[in-house]
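K.L.:
here are the coordinates; sequence isn't available:
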């Protein structure tokens, strides 16, 4: 059983990751007060995370992922102001996320608790993690809604909340996170529409609302405006309307839109073409066609008319020249005949 070197007062870095360590994290872990980097990842350490870990006032990075840890995440962790990264994924941790009440003084950049048994709601005081740019809480038992004020995480770049029984609607405030690049909300119970505000996230690269089943509406055109997006998956929902032909949609596959019976668009393989059932839309299409066809027909007619007039003038001019030539020929003939007659008279007189 591993007991740990907790009586080394000057210890700054403890990296024991990717070994076969067993046992628990001793409760006197807090004695290593100058520890900055603590890595026990990818072992078989079990038991709880000791509350004494909150005494590591200089701790900046904590790696405990891929172990067999159980119990709650100590609230004292969120009061270490120097702490920048916590990785607790792939364990058996339970209880709520963060604290329901109270202040958080940590300046987290990274918080990963995926693949655990964390329950309860995402608390509103998550907004106190103003420096957070990576938040991964997928594959847990988190319920409730996504907080309406989630847009307060103004530095967030990656947000993974899929594989949880989260319900409610997608907050419009997500559109305020201009730094957001990756958003995964798959296999939740989210309802309602994809808010058009998401179209404002100019840095968004990957977006997934797969397997929510109850997302509705015709908001695909909103996402067409996002220039950087390279991957989108909204399959198995209740979306409808035409799939845009530009942007990321031009390179998407059938798998990105499966299970949405109301979607249509010829450019995606096996997606049916959109039927025009709206008379207003039909009239607009007719008006558009008329705007294109009318100038073409008019210009063609004018060209034909001008060509006809030009040909007629050429023909008329040719005829007038022929008429002028006829008198000239007859005159020459008469002169010639006159000359011949005079010649004949002279000969007879002689």
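P.N.:
That came in fine, so what should we check first? What you see is a predicted model, and the numbers here were worked out from it, not measured in a lab.
K.L.:
distance across stretch 142-154, terminal residue to terminal residue?
P.N.:
Terminal residues of stretch 142-154 lie 22 Å apart, using CA to CA, to the nearest Å.
K.L.:
give me every residue that touches the residue most central in space within the chain.
P.N.:
Geometric centre of the chain, nearest residue: residue 229, 3.9 Å, by CA atoms, centre = their mean. Residues in contact with residue 229 (CB atoms under 8 Å, 6 or more residues apart in numbering) are 204, 205, 206, 207, 223, 247, 248. Heads up, the C-betas are built off the backbone N, CA and C, glycines and all.
K.L.:
hmm, which of these is lowest in pLDDT?
P.N.:
In terms of pLDDT, the lowest of those is residue 223, showing 70.
K.L.:
remind me which residues of the stretch 251-350 of the chain are low pLDDT?
P.N.:
Per-residue confidence for the stretch 251-350 of the chain (pLDDT under 70) gives these ranges: 266-269, 276-294, 296-297, 316-350.
K.L.:
the same query, at a cut-off of 80, please.
P.N.:
251, 266-272, 275-302, 304-350 (pLDDT under 80).
K.L.:
count of residues packed around residue 85?
P.N.:
Using other CB atoms under 10 Å, residue 85 is surrounded by 16 other residues.
K.L.:
again, but for the one 4 residues further on
P.N.:
By the other CB under 10 Å criterion, the neighbourhood of residue 89 contains 22 residues.
K.L.:
what of residue 27?
P.N.:
Neighbours of residue 27 under the rule other CB under 10 Å: 14.
K.L.:
I'd guessed it sits against residue 49; true?
P.N.:
No. Between residue 27 and residue 49 there is no contact under CB atoms under 8 Å: 10.3 Å.
K.L.:
in CSV: the contacts of residue 229, plus distance to residue 193 and secondary structure.
P.N.:
Formatted as CSV, the entries for these read as follows, by distance: CB to CB, whole Å; DSSP: H, G, I helix; E, B strand; the rest coil:
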residue, distance to residue 193, secondary structure
204, 17, coil
205, 22, coil
206, 20, strand
207, 14, strand
223, 12, helix
247, 19, helix
248, 19, helix
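K.L.:
which of these ranks first by neighbour count?
P.N.:
Sorting the contacts of residue 229 by how many neighbours each has (other CB under 10 Å) puts residue 204 first, at 27 neighbours.
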